[in-house]
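Student: below are the sequence and a predicted model for it; my questions follow.
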Amino acid sequence: MTGLRLAKLPDRTPVKLAVSISPDLHSALSEYAALYAETYGREEPVAELVPAMLSAFLDSDREFAKRRRAPPAGS
């Protein structure tokens with residue numbers, strides 16, 4: 001154990017993930033990106049917004065958070 005207050009940083013290596021989405025979802029994401037630009041005065045590509053959207057979704061899912069905090073089965 002070291003005397004450092006800062007814990008070892010987690011792995012921050014990005015992971016590339018390719019997905020196929022429906023044309024309707026692509027259209028909705030493009031509309032969201034346009035609204036984002038209108039709201040914040042800064043254009044961001046959909047590919048940059050999606051990871052933040054997924055994180056926000058997962059962070060807001062109470063059941064998912066509860067399951068992640070629970071000890072693994074058999075522990």
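Tutor: Received the coordinates, thanks. Numbering: from 1, shown residues only.

Student: spatially central residue for this protein, please.
Tutor: residue 55 (2.4 Å; C-alpha atoms, centre = their mean).

Student: ok, longest helix in the chain?
Tutor: In the chain, assigned by DSSP state H, the helix with the most residues is helix 23-40.

Student: what residues sit buried inside that one?
Tutor: Buried residues in helix 23-40, defined by neighbour count with 16 or more other C-beta atoms under 10 Å: 29, 33, 36. Yep, even glycine has a C-beta here, placed from its N, CA and C like the rest.

Student: now name the helix or strand holding the residue nearest to the centre of the chain.
Tutor: Assigned by DSSP states H and E, residue 55 belongs to helix 46-60.

Student: what is the orientation angle of that helix with helix 23-40?
Tutor: On the basis of axes from the mean of the first three to the mean of the last three C-alpha atoms, to 10 degrees, helix 46-60 is oriented at 90 degrees to helix 23-40.

Student: give me the contacts around helix 46-60.
Tutor: For helix 46-60, the surrounding residues in contact (C-beta atoms under 8 Å, 6 or more residues apart in numbering) are 26, 29-30, 32-33, 36, 64-65.

Student: switch the cut-off to 6 Å
Tutor: 29, 33 (C-beta atoms under 6 Å, 6 or more residues apart in numbering).

Student: hang on, the earlier thing: rebuild the buried residues of helix 23-40 as a markdown table, extending it with distance to residue 50.
Tutor: Output for the buried residues of helix 23-40, formatted as a markdown table (distance: C-beta to C-beta, whole Å):
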| residue | distance to residue 50 |
| --- | --- |
| 29 | 7 |
| 33 | 10 |
| 36 | 12 |
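
Student: and those, which is closest to residue 70?
Tutor: Distance to residue 70, by C-beta to C-beta, is smallest for residue 29 among the buried residues of helix 23-40, at 32.5 Å.
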